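# dropping the sequence and predicted coords here.
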Amino acid sequence: AQSVTQLDSQVPVFEEAPVELRCNYSSSVSVYLFWYVQYPNQGLQLLLKYLSGSTLVKGINGFEAEFNKSQTSFHLRKPSVHISDTAEYFCAVSDPVSGTYKYIFGTGTRLKVLA
Amino acid sequence: ETGVTQSPTHLIKTRGQQVTLRCSSQSGHNTVSWYQQALGQGPQFIFQYYREEENGRGNFPPRFSGLQFPNYSSELNVNALELDDSALYLCASSLEAGGGYEQYFGPGTRLTVT
């Protein structure tokens, strides 16, 4: 069964510094990959997704992610963070084999941007 | 275009009671998925409904059940509530059930079981 690992539960970073949030998934078969952001007391908002094609995916709010099939990773990056980026970030994988295309989420990474 | 809405926003129930949560899918979407997000955890897939039929289920007991209506809105029912059922319940809709279709999430219903 698919699984998603987000190695860092919390990432503190100073404003305007770059950040990388790590995500690894368990299988090398075809998958769809997503990054979502969750602000306090809100639902999930899609940042970006990888379905196929270019391994570098650009999303909203200046975020991007790189799909690495050999390392089964999909790390999220932003070159310069803002205070408003403070939130919980979830990596998710969708398994096209299952037929339901359910999302399997990691446990999340809390990004704390410091002034 | 109206996004995914959920009701109620919050509710408190007593152990052993039953609860019904509601979700209105985004206009034009025929697929609804439900997730449970415990405190400090990522969302866990409960089940998905596609065109009024269950289209997959996660590792949840039968006391978690659902419905999808002809307008594609959906309900999640939980019987015999347990303390561990306390969580944020998220509903997500998508255009189709096929792979790659983005799931749009509602704001969630926070359920507290005492």
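Thanks, I have it. Numbers count the residues shown, from 1 in each chain, chains lettered A, B, ... in the order given.

# need the residues of chain B near chain A, please.
B:4, B:33, B:35, B:40-45, B:48, B:55-56, B:58, B:90, B:92, B:94, B:97-108 (CB under 8 Å from any CB of the partner chain). Every residue, glycine included, has its C-beta placed from N, CA and C.

# now the strands for chain A?
A:4-5, A:10-14, A:19-21, A:24-25, A:32-38, A:44-50, A:56-58, A:64-68, A:73-78, A:87-94, A:103-105, A:109-114 (DSSP state E).

# paired strands for the first one, with orientation please.
Counting by DSSP bridges, the strands paired with strand A:4-5 are strand A:24-25 (antiparallel).

# how many other residues sit next to B:Arg57?
17 (other CB atoms under 10 Å in any protein chain shown).

# hang on, I meant B:Ser24
Once other CB under 10 Å is used to define contacts, B:Ser24 is seen to have 21 neighbours.

# and chain A, which residues reach chain B?
So chain A meets chain B at A:4, A:32, A:34, A:36, A:42-46, A:49, A:51, A:90, A:92, A:94, A:96, A:98-108 (CB under 8 Å from any CB).

# name the helix or strand for B:Glu75, please.
Taking DSSP states H and E as the definition, B:Glu75 sits inside strand B:74-78.

# residues in contact with that strand: which ones?
Residues outside strand B:74-78 that contact it (CB atoms under 8 Å, 6 or more residues apart in numbering or on different chains): B:18-23, B:25, B:32, B:34, B:46, B:49, B:63-69, B:85, B:89, B:91, B:111.

# give the rounded mean pLDDT of that strand.
Averaged across strand B:74-78, pLDDT comes to 98.

# quick check: buried residues in it?
Residues of strand B:74-78 classed as buried: B:Ser74, B:Glu75, B:Leu76, B:Val78 (neighbour count, 16 or more other CB atoms under 10 Å in any protein chain shown).

# now stretch B:27-36
For stretch B:27-36, by 16+ other CB under 10 Å, it's B:His29, B:Asn30, B:Thr31, B:Val32, B:Ser33, B:Trp34, B:Tyr35, B:Gln36.

# measure that stretch end to end?
Terminal residues of stretch B:27-36 are spaced 23 Å apart (CA to CA, to the nearest Å).

# contacting residues for A:Arg110?
So A:Arg110 contacts A:Ser9, A:Gln10, A:Val11, A:Ala87, A:Glu88, A:Tyr89 (CB under 8 Å, 6+ apart).

# the residue of chain B found nearest chain A: neighbour count?
When distances are taken as CB to the nearest CB, chain B reaches nearest to chain A at B:Gly56, 2.8 Å away. For B:Gly56, the count of nearby residues is 17 (other CB under 10 Å).

# wouldn't it be in contact with A:Tyr103 here?
No. Counting by CB atoms under 8 Å, B:Gly56 stays clear of A:Tyr103, with 11.3 Å between them.

# mutual contacts of those two, please.
Common neighbours of B:Gly56 and A:Tyr103 (CB under 8 Å, 6+ apart) are B:Phe45.
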